[in-house]
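[1] no letters, just coordinates:
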């Protein structure tokens, strides 16, 4: 749920004059995205998304995000396309914030995805990894090992407020992951946040990927591990091996994973579970009461982390034996 | 900002099967309305609003609200039209809540209305009052004098937490209004909540009225007094006589106010200022910290109430002398 900045019709009209976007007929703040303010615009031409970048997004990262969407769309991936202004720029300013107009992608995100949808997600993720090749702006992953240490330092002292024993459990986990984190897996542009609400479907067909605002350069298999965490666990915390198998098979049907990548998967999945655990923990401890944000439970990701720690063989994720 | 209930794509698909509304291609929770959950739907036909009625709305009132929109639209007023289901009903059920599909009205609400817009609002309000004639379901105004007493009883003891002296000021105000409230002014269906966000414009042209969920039967001039409060004060609390004049002239160009109505206006405006003061006060004192609702400041309406108390002659609202 995210509309942090309201906009006046006059400011919006002025903003739109820099684009060839038709006449505005309606704009509504929409409850999507957690980092930015998003509006759905109707015009005499096509519907559009207007995104105002709030302060959690670094302005210097915007050329990466907007350029990436352009690059991926050019390569045939179905994703929102930033509309260039008449002066060629992808970025404008509105209500004192950097702002972009982006094509509206029809489709719906699935509240209850099934294995067949996980397969499509796997395929689309692999397609995105291939389409990302040749994109020449780089953005390191700020939420990898070094970032985890920083987040943990900010939350450590109060961690046991959320669950007793967290300090004792997480400290060695971070040390272990830092000591054993892979260094030489295939890398490229990853989405890094491909949760359900960022994948649209029309019927059972995947219609596109959205929200590239965590995208960065990292191991491609790390992105796969994020999707395992995001798509293949049930509400009760159980890993769904059918979904895992579908997601991994879908991915490999487009981009086969190497033996090294497969073997690294349990460790990568521990890392990505830790990553979401840590940002949720930090938000949990620091979001002021009364903020217009739903706090997400960090413990969900602690449980996923423990699951991955228990994996002896990558086949347990649902892979046919290698 | 209101999306209280999320809906799954399967439930929505089933719900839509009862309508002839085309194929769904997108649905987004939108940040409009405070009582209900609203979604903007794109379909292969027209865009639609899906409203889920949350528990603050009495289910028994829904035939009044939906029937009224139908009646007003039939009479030529531009307002959202509930889409009938294939069985003729206007109301369905979704995610355990009563739900309706309503036509999408293009247009934008004005964050900074000018006097010319106030004139259009006056005209549209009068047109609504005339169009409401002949609508045969009745709904008493639950937020008139008796309702104020109930609200005040619930807030009185803690009122001074918001501003010292409130108890002492409001108690005699309610008693005065109860003793002097008019009994024989022209009555009919009123909107009762015609704030900026419920009036859409395309350019300077008023494109429609929305959100009839406080509509009820009451004095028509009381509705005018609500609009004076909602449209004719500046952010600094000052009454804008140019806007007041435009609103009243606009109204009277469609439906002239009688001498009795005009003379009652200051008292009615005190009442309507008190009504919004009391609901805001109650919400201020009872909304839990962390709720996804922006609390509105009750003191804004206390100031308006004091202004109306100071009015000696209705001409001070900007009317030409009678």
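    On my side now, so go ahead. Predicted, not measured: the structure shown is a model, and the values here were computed from it.
[2] the residue nearest to the spatial centre of chain A and residue A:216: what is the separation?
    Central residue of chain A (CA atoms, centre = their mean): residue A:193, 1.5 Å from the mean position. Residue A:193 sits 10 Å away from residue A:216, going by CB to CB, to the nearest Å. (C-beta placed from N, C-alpha, C; glycine too.)
[3] would you map the helices across chain A?
    A:9-16, A:62-74, A:115-131, A:145-155, A:166-180, A:220-231, A:241-254, A:259-286, A:299-309 (DSSP state H).
[4] closest one to residue B:108 among those helices?
    Proximity to residue B:108, assessed across those by CB to CB, is greatest for helix A:9-16 (5.1 Å).
[5] the closest one packs against which elements?
    Applying 3 or more CB pairs under 8 Å, 6 or more residues apart in numbering or on different chains; DSSP states H and E, we find helix A:9-16 packed against strand A:24-29, strand A:92-94.
[6] what separates it from the chain centre, distance-wise?
    In terms of CA atoms, centre = their mean, to the nearest Å, the centre of helix A:9-16 is found 30 Å from the chain centre.
[7] ok, stretch A:277-290 next?
    Computed by CA atoms, centre = their mean, the chain-centroid distance of stretch A:277-290 equals 18 Å.
[8] with stretch A:161-178 instead?
    Distance of stretch A:161-178 from its chain centroid, counting by CA atoms, centre = their mean, is 24 Å.
[9] ok, stretch A:192-201 next?
    With CA atoms, centre = their mean, you get 7 Å for stretch A:192-201.
[10] quick one: contacts for the spatially closest residue to residue A:319 that is not a sequence neighbour?
    Distances taken as CB to CB, 6 or more residues apart in numbering or on different chains put residue A:248 closest to residue A:319, at 5.6 Å, once the chain neighbours are dropped. Contacts for residue A:248 (CB atoms under 8 Å, 6 or more residues apart in numbering or on different chains) come out as A:122, A:224, A:228, A:257, A:317, A:318, A:319.
[11] now residue A:318
    Counting by CB under 8 Å, 6+ apart, residue A:318 makes contact with A:241, A:242, A:243, A:244, A:245, A:246, A:248.
[12] try it again at 6 Å.
    By CB atoms under 6 Å, 6 or more residues apart in numbering or on different chains, residue A:318 lies in contact with A:241, A:244, A:245.
[13] ok, so of those residues, who is nearest residue B:75?
    The shortest approach to residue B:75 among the contacts of residue A:318 belongs to residue A:244, at 58.8 Å (CB to CB).
[14] that closest one contacts residue A:232, correct?
    Yes: using CB atoms under 6 Å, residue A:244 is in contact with residue A:232, at 4.4 Å.
[15] more neighbours, those two?
    Between residue A:244 and residue A:232, residue A:232 has the larger neighbour count (other CB atoms under 10 Å in any protein chain shown), namely 26 against 22.
[16] how much space between the more buried one and residue A:143?
    The spacing between residue A:232 and residue A:143, counted by CB to CB, is 20 Å.
[17] so where's the stretch 201-322 of chain A uncertain?
    Residue ranges of the stretch 201-322 of chain A with pLDDT under 70: A:288-294, A:320-322.
[18] what about stretch A:101-108, average pLDDT?
    Mean per-residue pLDDT for stretch A:101-108: 95.
[19] quick check, it touching chain B?
    Yes: if you take CB under 6 Å from any CB of the partner chain as the test, stretch A:101-108 does meet chain B, through A:106, A:108.
[20] give the buried residues for that stretch.
    Buried residues in stretch A:101-108, counted by 16 or more other CB atoms under 10 Å in any protein chain shown: A:101, A:102, A:103, A:104, A:105, A:107, A:108.
[21] out of those residues, list just those in strands.
    Judged by DSSP state E, the buried residues of stretch A:101-108 include A:101, A:102, A:103 as members of strands.
[22] now do the contacts for the last one.
    If a contact means CB under 6 Å, 6+ apart, then residue A:103 has A:80, A:81 as its contacts.
[23] rerun that using 8 Å as the cut-off
    Neighbour list for residue A:103: A:46, A:48, A:49, A:80, A:81, A:82, A:83 [criterion: CB under 8 Å, 6+ apart].
[24] tell me the bridge partners for it.
    Beta-bridge pairing for residue A:103 (DSSP bridges): residue A:48.
[25] and for residue A:84, the neighbour number?
    Residues near residue A:84, counting by other CB under 10 Å: 17.
[26] can you pull the pLDDT of it?
    Reported pLDDT for residue A:84: 94.
[27] ok, it touching residue A:90?
    Yes: counting by CB atoms under 8 Å, residue A:84 touches residue A:90, with 5.8 Å between them.
[28] coming back round to it: how close does the residue nearest to the centre of chain A get to chain B?
    To chain B, residue A:193 is 19 Å away according to CB to the nearest CB, to the nearest Å.
[29] which ones among the contacts of residue A:103 lie within strands?
    Of those, the ones assigned to strands by DSSP E are A:48, A:49.
[30] picking up where we left off before, most tightly packed of the helices of chain A?
    Sort the helices of chain A by mean neighbour count, taking mean count of other CB atoms under 10 Å in any protein chain shown, and helix A:220-231 sits at the top with a mean of 25.
[31] can you tell which of the helices and strands packed on helix A:9-16 is closest to chain B?
    Among the helices and strands packed on helix A:9-16, the nearest to chain B by CB to the nearest CB is strand A:24-29 (3.6 Å).
[32] how about the closest one and chain B, touching?
    Yes: judged by CB under 8 Å from any CB of the partner chain, strand A:24-29 comes into contact with chain B through A:24, A:25, A:26, A:27, A:28, A:29.
[33] want to throw those into TSV with neighbour count?
    Output for the residues of strand A:24-29 next to chain B, formatted as TSV (neighbours: other CB atoms under 10 Å in any protein chain shown):
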residue	neighbour count
A:24	21
A:25	17
A:26	21
A:27	19
A:28	21
A:29	23
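[34] residues in contact with the residue lying closest to residue A:317 once chain neighbours are set aside?
    With sequence-adjacent residues excluded and distances taken as CB to CB, 6+ apart, residue A:317 is closest to residue A:244, at 4.6 Å. Contact analysis of residue A:244 by CB under 8 Å, 6+ apart lists A:118, A:228, A:232, A:317, A:318.
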